[in-house]
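Asker: Give me coordinates for this.
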Amino acid sequence: MAVNVGVLLLASQKIDGVRLDIEDNIGESIHLHYKNMRFDFTVHDFLTFSEGCKKAQTQLVEYLANKDPSSGKNIEVGIDATFAKSCEVNGLKFKEIITVSLNDIFCTNLIDGQYHYKNISESIIFTALSKKDKKLYDNYIDSFGKAFNTNPNYSWEKFMELMNSIKSLGYDERCLIATKDVAGGNKTRQIIDGQHRACILYYLYKDIKIKAAHFVKETEM
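Answerer: Down below sits the predicted model:
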């Protein structure tokens, strides 16, 4: 008979505030806890399950390459839902999923009321992350809110939670970073959604290639 000599937490994260934990019950089984459910696996079955999830993710990304992730049908698995809705207001239309290096996309920085395009490594959000400067981050987010008379749904705590999640579980491309061409910028691509994720990826992995949802003005379609 198997004897449970201890519990080792293999991974933990929150999905919309809901707990997702994976535990190795040493000598017994692997437990996956989600909401109020517990799934029991043998080690072999869990590894098979994990491999199946990886294959499903790959196929999903390939499927989305031929779909408009900003449409109502695919909005929850393509790009951030709030951003997708704002695309309609701003006259942006999904064009294609591209593969791009982080060094080839730019962050939009609001400085003294003016937009400036910066490499990720030179952006304010990345600088705050690399220096662990919470004050710099908070001041920048506050200035953003004041400039647009809004209450940005960002915080240093959420930023750190996202960073720790990507660091421990890897980057999940199901919610794509979005880009568009800078007007008159010689095909320079700017991040229009996902700047925090891009900064975290650059901080952890430097210049890697990622998939991104590329948008253009409807008049350019």
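
Asker: Can you tell me the closest non-neighbouring residue to residue 207?
Answerer: Nearest-residue entry for residue 207: residue 103, 4.5 Å, with adjacent residues in sequence omitted and distances by C-beta to C-beta, 6 or more residues apart in numbering. To be clear about C-beta, it is placed using only N, CA and C from the backbone, and glycine gets the same treatment.

Asker: Burial check on that neighbour, number of neighbours?
Answerer: Counted with other C-beta atoms under 10 Å, the burial measure for residue 103 works out to 14 neighbours.

Asker: and it, what pLDDT?
Answerer: What the model reports for residue 103 is a pLDDT of 95.

Asker: With residue 20 instead?
Answerer: Looking at residue 20, the pLDDT reads 89.

Asker: same question, residue 54
Answerer: Residue 54 carries a pLDDT score of 84 in this model.

Asker: what bridges to residue 181?
Answerer: When bridges are taken as DSSP bridges, the partners of residue 181 come out as residue 189.

Asker: Next one: it from residue 159, what distance?
Answerer: When distance is defined by C-beta to C-beta, to the nearest Å, residue 181 is 27 Å away from residue 159.

Asker: Leaving out sequence neighbours, find the closest residue to residue 43.
Answerer: Once its chain neighbours are removed from consideration, residue 43 has its nearest residue in residue 30; the separation is 6.1 Å (C-beta to C-beta, 6+ apart).

Asker: elements contacting the helix or strand hosting that neighbour?
Answerer: Residue 30 belongs to strand 29-34 when assigned by DSSP states H and E. When contacts are defined as 3 or more C-beta pairs under 8 Å, 6 or more residues apart in numbering; DSSP states H and E, strand 29-34 packs onto strand 18-26, strand 37-41, helix 43-64.

Asker: For residue 141, find the nearest of these.
Answerer: Using C-beta to C-beta as the measure, strand 18-26 is the one of the helices and strands packed on strand 29-34 that comes nearest residue 141, at 25.4 Å.

Asker: gap between that closest one and the chain center?
Answerer: A distance of 22 Å separates the centroid of the chain from that of strand 18-26, by C-alpha atoms, centre = their mean, to the nearest Å.

Asker: How about stretch 138-145?
Answerer: Offset of stretch 138-145 from its chain centre (C-alpha atoms, centre = their mean): 21 Å.

Asker: Quick check: buried residues in that stretch?
Answerer: 140-141 (16 or more other C-beta atoms under 10 Å).

Asker: Equivalent analysis for stretch 172-190, please.
Answerer: For stretch 172-190, by 16+ other C-beta under 10 Å, it's 173, 175-181, 189-190.

Asker: Using a markdown table, lay out the residues you listed together with distance to residue 54.
Answerer: Shown next, in a markdown table, are these (distance: C-beta to C-beta, whole Å):
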| residue | distance to residue 54 |
| --- | --- |
| 173 | 12 |
| 175 | 17 |
| 176 | 18 |
| 177 | 20 |
| 178 | 24 |
| 179 | 25 |
| 180 | 30 |
| 181 | 33 |
| 189 | 28 |
| 190 | 31 |
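
Asker: now these in a markdown table, with distance to residue 50 and pLDDT?
Answerer: As requested, these are exported to a markdown table (distance: C-beta to C-beta, whole Å; pLDDT from 0 to 100):
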| residue | distance to residue 50 | pLDDT |
| --- | --- | --- |
| 173 | 17 | 76 |
| 175 | 20 | 77 |
| 176 | 23 | 85 |
| 177 | 25 | 91 |
| 178 | 29 | 91 |
| 179 | 31 | 92 |
| 180 | 35 | 91 |
| 181 | 38 | 88 |
| 189 | 33 | 91 |
| 190 | 36 | 93 |
